[in-house]
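Chemist: below: sequence and its predicted model.
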Amino acid sequence: MALGKSTAVVIGSFALGESDRLVTFYSRDFGKIRGVAKAARRMRSRFGSALELCTLGELVFFDAGRSELVRVDHFDITHPFQRVREDLERLAQAAWIVECVARLTAERDRHVALFGLLVRGLRALEGSRKPARVAICFGVRYIEALGHRPRLDACVECGRAYPFPRPSLGAGGLVCEACGRESADTLPISPATIGAAERLRSLSWEEALALPLGRAEAELAVLLEAQVSRLIGHPPRATKFQRELRRLLSASGEHAAAAGEARL
Ligand SMILES: [Zn+2]
């Protein structure tokens with residue numbers, strides 16, 4: 001039985017049997033790993049609160065090699081991302097980020113840059129930036145890290161160079177008006193949003209978080225969501241949570257009140 005060790009983030013956690021927990025980690029050294037944490041749901045479990053979603057820690061596991069599931073031996077918290085979990089808006093975006101990673105990565109496929117991006121995204125959610133902006137910056141880079149960078153300099157169908165009037169965005173990138181008429185799977189994209197997407201890609205992480213986007217921000221969020229849904233095969237579950245949260249927030253009118261109530 002081989003012993004494995006790596007820094008990792010909890011990206012999924014489900015009850016298993018009477019008292020165990022099935023945990024999905026995204027680790028720096030092994031990529032996505034799924035493992036069983038024995039007795040993790042007992043009152044005085046040695047795991048304590050370590051296996052909560054988004055927790056960053058040091059994972060020690062046993063790999064019997066017979067199944068894809070490992071046995072989680074230790075998970076010692078390095079950073080719990082408490083601030084993310086205590087705020088609904090932050091939590092909603094964090095849930096989207098970890099779901100993207102959980103669904104679009106293969107098991108044991110090491111991708112150190114992607115691990116770094118995940119941690120950077122969660123750290124930014126703890127800061128003062130708008131959570132929705134953090135998710136956009138994460139999403140743009142994440143899709144690129146997976147190798148699905150959309151082409152923004154020409155129509156992916158006919159090769160016509162951009163700029164052209166009334167562009168839309170399809171699976172692989174921009175589509176011109178004529179080609180877009182033949183494809184149902186495209187969404188309109190404004191020139192401002194194309195420019196914003198290009199800039200978010202080329203700027204440093206901190207600059208991207210601070211870049212004023214105006215109305216392009218909402219459009220980018222919609223387009224990213226479409227791209228992620230296309231890659232997953234259906235919309236992320238976290239999106240439904242976000243939609244319900246927005247309804248709740250606009251009904252209460254005040255975010256602080258909503259977050260406070262949720263904590264009670
Ligand atoms: Zn075309």
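Modeler: On my side now, so go ahead.
Chemist: got the residues of this protein near the ion?
Modeler: With C-beta under 5 Å from the ion as the criterion, the chain meets the ion at residues 155, 157, 158, 160, 176, 179. C-beta coordinates here come from the backbone N, C-alpha and C atoms, glycine included.
Chemist: so where's this structure uncertain?
Modeler: The model of the chain has pLDDT under 70 over residues 253-264.
Chemist: for residue 3, give the beta-bridge partners.
Modeler: In this entry, residue 3 is beta-bridged to residue 62, by DSSP bridges.
Chemist: picking up where we left off before, so which of the residues of the chain next to the ion belong to helices?
Modeler: residue 179 (DSSP state H).
Chemist: from the residues of the chain next to the ion, keep the buried residues only.
Modeler: 155, 157, 160, 176, 179 (16 or more other C-beta atoms under 10 Å).
Chemist: ok, the residues you listed vs residue 66, which is closest?
Modeler: Closest approach to residue 66 among these (C-beta to C-beta): residue 157, at 47.5 Å.
Chemist: from the buried ones among the residues of the chain next to the ion, which is closest to residue 231?
Modeler: Checking those one by one against residue 231 (C-beta to C-beta), the nearest turns out to be residue 157, at 19.5 Å.
Chemist: give the contact list for the nearest residue to that closest one once chain neighbours are set aside.
Modeler: Among residues not flanking residue 157 along the chain, residue 179 sits closest, at 3.7 Å (C-beta to C-beta, 6 or more residues apart in numbering). Contact partners of residue 179, counting by C-beta atoms under 8 Å, 6 or more residues apart in numbering, are 155, 157, 158.
Chemist: rerun at 10 Å
Modeler: 155, 156, 157, 158, 159, 160, 168, 170, 186 (C-beta atoms under 10 Å, 6 or more residues apart in numbering).
Chemist: and the closest residue in space to the fourth one that isn't next to it in sequence, how close does it get to residue 172?
Modeler: Same thing as residue 158. In space, and not counting its chain neighbours, residue 158 is closest to residue 179: 5.4 Å by C-beta to C-beta, 6+ apart. The spacing between residue 179 and residue 172, counted by C-beta to C-beta, to the nearest Å, is 11 Å.
Chemist: what touches both of those two?
Modeler: 156, 157.
Chemist: what ranges do the strands span in the stretch 151-264 of the chain?
Modeler: Using DSSP state E, counting those that start in this stretch, the strands of the stretch 151-264 of the chain run over 168-169, 174-175, 187-188.
Chemist: quick check, central residue of this protein?
Modeler: Residue closest to the mean C-alpha point of the chain, counted by C-alpha atoms, centre = their mean, is residue 97 at 1.7 Å.
Chemist: check contacts around that one.
Modeler: 9, 11, 54, 84, 117-118, 121-122, 124-125, 131, 134-135, 138-139, 142, 236, 238.
Chemist: same thing with residue 109?
Modeler: 30, 31, 32.
Chemist: ditto for residue 15
Modeler: Per C-beta under 10 Å, 6+ apart, neighbours of residue 15: 21, 22, 40, 41.
Chemist: now the third one. Nearest residue, chain neighbours left out?
Modeler: The spatially closest residue to residue 40, leaving aside those adjacent along the chain, is residue 21, at 3.8 Å (C-beta to C-beta, 6+ apart).
Chemist: that neighbour sits in which helix or strand?
Modeler: For residue 21, the host element (DSSP states H and E) is strand 20-27.
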